[in-house]
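J.: What follows is a predicted protein model with its sequence.
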Amino acid sequence: MKWYNMKHEEVEHKTNASLSDGLTDKNVKKRISTYGLNKLKEAEKASALATFLAQFKDFMVLVLLAATLISGLIGEMLDAVTIMGIVFLNAILGFVQERKAEKSLDALKELSAPQMNVLRNREWVKVLSSEIVPGDYVKISAGDRVGADLRLISVSGLRIDEASLTGESVPTHKHEHAIEYTDVSLGDQENMAFMGTMVTQGSGTGIVVATGMKTEMGKIAHLLQGTTNVVTPLQRRLEQLGKTLIAVALLLTALVVGIGVIQGHDVQTMFISGVSLAVAAIPEGLPAIVTVALALGVQRMIKRRGIVRKLPAVETLGCASVICSDKTGTLTQNKMTVKELWTASEHVTVTGNGFETEGQFKEQELIVVPNKKPTVSRLLSYGVLCNNATLVEKEVREKRKKKTTLVLDGDPTEGALLLSALKAGYSQEGLQGQFNRIQEFPFDSGRKMMTVVVKDKQGQSYVITKGAPDVVLAHCERIQKGTLDDILTGTERKQVNAIVDSMASKALRTIAIAYRPLKVGETCKTTTEAESNLTLIGIQGMIDPPREEAKQAIQECREAGIKTIMITGDHKITAAAIAKELTILPEGGLVIDGKTLDTLSVEELENRVEDIYVYARVSPEHKLKIVQALQKRDHIVAMTGDGVNDAPAIKAANIGIAMGITGTDVAKEASELVLADDNFLTIKEAIKEGRNIYENIRKFIRYMLASNVGEILVMLFAMILGMPLPLVAIQILWINLVTDGLPAIALGMDQAEGDVMKRKPRKQNESVFARGLGWKIISRGIMIGVVTIAAFALTYNNNPEQLILAQTVAFLTLVMAQLIHVFDCRSEYSIYHRNLFENKYLVGAVFISVLLMIAVIYVPQLQPIFHTVPLGLQEWLLVMGMAAIPTVVLGGFQLFKKQDVRTAQ
Ligand code: ATP
């Protein structure tokens, strides 16, 4: 007998599940050890050894190793061993960087791993899908990706898209009844839900019957696609650039070797020096270093609660020019409190803030007893009956004392209705004891209403609808006045609208509640049947305060040339009031609603889109149009969303952003960035980090390439001027290790420059060398080369006996010039524009590099290896004076030059 043939009790019995209590932790542990984690097998990743060996696959490194081997055989044993040692150290450094990047990217994947709602130890909790075991009792609802194979126990309008498993593109209607037939195909197993499929509508519960590779998905998947390394556009461009640079480096090296040989240098020495120079000058680490910078930046974003799902998004973030943000919960606190009640007979205010359960009802400053006012008491109690939220008492520890507080489980809008009723003494349990819910038509942000059918103890049934007042009002024919229902006249409709507008202008979110008694035997099959001919009871107006930090973040975005747009299902006037408070809506800025949006084509919207700051009463479907119009205007759009219907807009946006707390799996999977705290501030932080990561990559490139240009030029100048070699092969390789190693990594961890959020967004196709970077690299490279050769020439003074001393001076000058230059690279302007000690890693890295240099010069055992001699004070003064020139002199020019004016204003 298959799962789909079994009755509920049989499934429960066979899987040893408990629909009332769920599994215990002990039980889960045991099952995990029997069945394993609920994961599909992944393709093997590259082993540590393979990653390490890959560091040697670079062609020039192989040539160097071969050349060293030959020179070792010829007799230069010490040189050969040292070169090998340095190459080995370099490989270790590359390996560590790569592993670190990999690890942090793996951690990222885990952070965005899917979760499931499961009954454990008598409580509904969210756990990682990988920890689900057979026998678990789980809940699924619209927007979820089913995390295991389930036999359904209850459903409510459940439809599942099983295309990923069966290829069937129309979502299947599900039911919970046992199927009698045998050999039923997967697509027809309507009482089952399968791993990897997507819930498109409704909700349901089910018992897990298979996990991991035992699921239907596991049977066909065999191996989940291996973790392919995503290459970002910048990485691709840099790979391309790297190839050009290799060609240039090889050409220049060949030139150095050629001229050297013509000038009478020994061929073998020139060959080894040339190969070492090529290894040092070729920016082989460029793409890898970008990965490191991306990975480090992504880690910093996680600390600020932004989880990047797709690496290329990090680059796009820095280019964002518009953020389209949901209002509720992202720009506001989503802590709703009812402040005003209106019915045809009363208009009362309600006191008490947040989660307070006590409050007074006042009419023109006089306290009223809501239960004595028939319209108010119905408005409050029906708000509780047409409601899916619950208030649960939870024990919390505060200052070592246990305290019970009320916690909301469900939608904050509905929570506010529960609390306003509680203040009047209507508890949820009390009302549920008097009314039985028979049917529910869930809230959806397209319809903007929710409806239930309830039956009281006398057998009388009622339809109760709550929703956006303009929508509900359109379905009302009557209005409650005192204890009577009356025809709703045109004047009264206008009056209701005026009340809603006046509440909305105080930034209140409004909910209308209406009802209809059902005739005996009358049933409602569809929403149209249920939500018609209603009697309006009244309006509840609730406040949802803006997030305090959002205002500041919006201001910062504006300074950064990024426009914030509010998109909300809420009333136009409420939205405008909050948008004004948050400074999103400027004087003369437009607010348009969904209805107007419907009448505009994408092209028409495109013409007006720059002036629109708030989209109100929109459905998720409208978002796509907004994204398209903005993109036609060449905007790089960040768009937030949480529901299933938000997914197309999230996908279409340049940066799709999903809510971590309220977001569905569908929205998250479509997104590039997930906000762990649903907070607008996190978007701003992520954009700032995105900009910073890009700047850090530029700093890296600037530093590395200027160093390489310097190294090549020293050798080239010497050869052209007919001088001896200013640097020996080992010194060149050592410079490459010391300078391209720690200091370069530390640049990747650099803090953002003060004005990074005061510049305009970067154009997406901007070259890495834009904004004068190319010139900076070349001019610094030339300066470094010139001062090094000058220091060499001054010390050498045409005296062959001074050669080793002069080489040591050149060696140290080159390194010191680079180590000073690294601080310069931190700023778009000059070394004087930033605090030298701000980046502690960089200070540490430079300190270690200097110590290493001192060691190779002064430790007697190292001197023969590195061909050095100890330097005296005079040489040190020469070295430091020369090394400081490029940065101090060129930096000084920058000080006098007017600052690059790239600010947004
Ligand atoms: P956003 O999250 O996009 O800022 P929103 O949360 O304000 O928008 P929706 O959730 O689509 O937008 O709500 C639109 C309107 O529907 C609200 O203004 C309110 O009047 C009504 N509404 C919201 N929640 C419910 C609910 N649970 N039941 C009935 N009506 C609701």
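T.: Looks like it came in fine.
J.: Name the residues of stretch 236-254 that are buried.
T.: 238, 241-242, 245-246, 249-250, 252-253 (16 or more other C-beta atoms under 10 Å). From N, CA and C alone the C-beta is placed, and that goes for glycine too.
J.: Repeat that for stretch 405-412.
T.: Neighbour-count burial for stretch 405-412 [16+ other C-beta under 10 Å]: 406, 408, 411-412.
J.: Narrow these to those in strands?
T.: 406, 408 (DSSP state E).
J.: ok, the buried residues of stretch 405-412 vs the ligand, which is closest?
T.: Minimum distance to the ligand across the buried residues of stretch 405-412 is 4.9 Å, recorded for Asp411 (C-beta to the nearest ligand atom).
J.: does that closest one really touch Thr390, like I thought?
T.: No: using C-beta atoms under 8 Å, Asp411 is not in contact with Thr390, being 10.7 Å away.
J.: picking up where we left off before, for the buried residues of stretch 236-254, give me JSON lines that also has secondary structure and pLDDT.
T.: Shown next, in JSON lines, are the buried residues of stretch 236-254 (DSSP: H, G, I helix; E, B strand; the rest coil; pLDDT from 0 to 100):
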{"residue": "Leu238", "secondary structure": "helix", "pLDDT": "79"}
{"residue": "Leu241", "secondary structure": "helix", "pLDDT": "82"}
{"residue": "Gly242", "secondary structure": "helix", "pLDDT": "78"}
{"residue": "Leu245", "secondary structure": "helix", "pLDDT": "83"}
{"residue": "Ile246", "secondary structure": "helix", "pLDDT": "82"}
{"residue": "Ala249", "secondary structure": "helix", "pLDDT": "84"}
{"residue": "Leu250", "secondary structure": "helix", "pLDDT": "86"}
{"residue": "Leu252", "secondary structure": "helix", "pLDDT": "88"}
{"residue": "Thr253", "secondary structure": "helix", "pLDDT": "87"}
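J.: For Gly359, state which of those is nearest.
T.: Leu238 (61.0 Å; C-beta to C-beta).
J.: The residue in the stretch 701-850 of the chain that the ligand sits nearest to: what's it in contact with?
T.: The nearest approach of the stretch 701-850 of the chain to the ligand comes at Pro761, 24.5 Å away (C-beta to the nearest ligand atom). Contacts for Pro761 (C-beta atoms under 8 Å, 6 or more residues apart in numbering) come out as 318-321, 560-562, 636.
J.: before we move on, the earlier item: possible to save the buried residues of stretch 405-412 as CSV with distance to the ligand?
T.: Formatted as CSV, the buried residues of stretch 405-412 follow (distance: C-beta to the nearest ligand atom, whole Å):
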residue, distance to the ligand
Leu406, 19
Leu408, 13
Asp411, 5
Pro412, 9
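J.: The protein against the ligand: which residues are in contact?
T.: Listed as neighbours of the ligand in the chain under the rule C-beta under 6 Å from any ligand atom: 326-328, 411, 413-414, 443, 445, 448-450, 466-468, 509-511, 567-571.
J.: Next one: the residue of the stretch 401-550 of the chain found nearest the ligand relative to Leu331, how far apart?
T.: Closest contact between the stretch 401-550 of the chain and the ligand, by C-beta to the nearest ligand atom, is at Ser445 (3.1 Å). The gap separating Ser445 from Leu331 is 16 Å, by C-beta to C-beta, to the nearest Å.
J.: One more: Lys699?
T.: 34 Å.
J.: With neighbour numbers in mind, choose between the two.
T.: Leu331 (29 against 23; other C-beta atoms under 10 Å).
J.: The more buried one: what's it in contact with?
T.: Contacts of Leu331 (C-beta under 8 Å, 6+ apart): 325, 546-547, 550, 566, 578, 582, 584, 680.
J.: can you check Ala616 too?
T.: The neighbours of Ala616, taking C-beta under 8 Å, 6+ apart as the test, are 568, 570-572, 574-576, 591-594.
J.: surely Tyr137 meets Asn121?
T.: No: the criterion here is C-beta under 8 Å, and Tyr137 misses it with Asn121 at 11.8 Å.
J.: what's the overlap in contacts for those two?
T.: With C-beta under 8 Å, 6+ apart, Tyr137 and Asn121 have common neighbours 22-23.
J.: Which one of those two is surrounded by more residues?
T.: Shown here are Tyr137 and Asn121; by other C-beta under 10 Å, Tyr137 has more neighbours (24 against 13).
J.: what's that one in contact with, if anything?
T.: Tyr137 touches 17-19, 22-23, 118-119, 153, 205-208, counting by C-beta under 8 Å, 6+ apart.
J.: Kindly report the same for Cys825.
T.: 699-700, 702-703, 706, 747.
J.: could you redo these as TSV and give each row pLDDT?
T.: Formatted as TSV, these follow (pLDDT from 0 to 100):
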residue	pLDDT
Lys699	91
Phe700	86
Arg702	91
Tyr703	91
Ala706	92
Leu747	85
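J.: if we can go back for a sec, looking at the contacts of Tyr137, spot the one nearest the ligand.
T.: Thr205 (21.0 Å).
J.: what about the closest one, neighbour count?
T.: Other residues lying near Thr205 total 21 when counted by other C-beta under 10 Å.
J.: Would you mind confirming that it is in contact with Ser141?
T.: No: using C-beta under 8 Å, Thr205 is not in contact with Ser141; the gap is 9.8 Å.
J.: Which pLDDT value goes with Ala43?
T.: Ala43 carries a pLDDT value of 58.
J.: Would you state the strands of the stretch 201-350 of the chain in chain order?
T.: Along the stretch 201-350 of the chain, counting by DSSP state E, counting those that start in this stretch, strands occupy 306-308, 322-326, 337-343, 347-350.
J.: Now do the shortest one: which elements does it pack against?
T.: Which is strand 306-308. Here strand 306-308 touches helix 77-111, helix 286-303, strand 673-675, helix 680-720, going by 3 or more C-beta pairs under 8 Å, 6 or more residues apart in numbering; DSSP states H and E.
J.: cool, the second one as well?
T.: When contacts are defined as 3+ C-beta pairs under 8 Å, 6+ apart, strand 322-326 sits against strand 563-567, helix 620-632, strand 637-641, helix 680-720.
J.: Pick the most deeply packed of those.
T.: Comparing these by mean neighbour count (mean count of other C-beta atoms under 10 Å), strand 637-641 comes out on top with a mean of 29.
J.: Let's test this: mean pLDDT of that strand, rounded?
T.: 95.
J.: got it, and stretch 314-326?
T.: 93.
J.: For it, C-alpha coordinates in CSV please.
T.: The C-alpha trace of stretch 314-326 is given here as CSV (Å, rounded to 0.1, in the frame of the first residue of the first chain):
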residue,chain,number,x,y,z
VAL,A,314,27.2,42.9,-4.8
GLU,A,315,28.5,44.8,-7.8
THR,A,316,25.1,45.9,-9.0
LEU,A,317,24.3,47.2,-5.5
GLY,A,318,26.9,49.9,-5.9
CYS,A,319,25.2,51.1,-9.1
ALA,A,320,21.6,51.3,-7.6
SER,A,321,19.9,54.6,-8.5
VAL,A,322,16.4,53.8,-7.2
ILE,A,323,15.1,51.8,-4.3
CYS,A,324,11.5,50.8,-4.5
SER,A,325,10.5,49.8,-1.0
ASP,A,326,7.4,48.3,0.5
